[in-house]
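1. Structure here, sequence nowhere to be found:
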């Protein structure tokens, strides 16, 4: 369930970032791509915690 929500969030952020690039809103595109990276990092940390048994 969590992975689906994060996947949807990433897809949405990526779509917004691509649209910003098309419209030459480069600063916004960079910000959105950074949000994608941060979201992926949080997801990976959560997966690691689940694997360690810290989150159920």
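-> Okay, I see it. For clarity, every value in this text was computed on a predicted model and none was experimentally measured.
2. contacts and neighbour counts: CA atoms only from here.
-> OK.
3. Let me see the ranges of the helices in the protein.
-> Counting by DSSP state H, the chain has helices at residues 2-22, 26-51.
4. List the contacts of the first one.
-> By Cα atoms under 8 Å, 6 or more residues apart in numbering, the surrounding residues in contact with helix 2-22 are 26, 28, 29, 30, 32, 33, 35, 36, 39, 40, 43.
5. And stretch 43-56, by the same measure?
-> Applying Cα under 8 Å, 6+ apart, the contact partners of stretch 43-56 are 3, 6.
6. May I see the buried residues of it?
-> 43, 46, 47 (16 or more other Cα atoms under 10 Å).
7. can you redo those residues as TSV with distance to residue 7 and pLDDT?
-> Converted to TSV, these look like this (distance: Cα to Cα, whole Å; pLDDT from 0 to 100):
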residue	distance to residue 7	pLDDT
43	9	85
46	14	83
47	13	84
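8. Now residue 23. Its backbone dihedrals?
-> phi -90, psi 10 (degrees, to the nearest 10).
9. confidence score at it?
-> At residue 23, the model reports a pLDDT of 95.
10. Tell me, how many residues neighbour it?
-> Residue 23 has 10 neighbours, counted by other Cα atoms under 10 Å.
11. just flag whichever of the helices of the chain has the lowest average confidence.
-> Note on these: helix 2-22 shows the lowest mean pLDDT, a mean of 86.
12. Compute the inter-axis angle for that helix and helix 26-51.
-> Between the axes of helix 2-22 and helix 26-51, defined by axes from the mean of the first three to the mean of the last three Cα atoms, to 10 degrees, the angle is 170 degrees.
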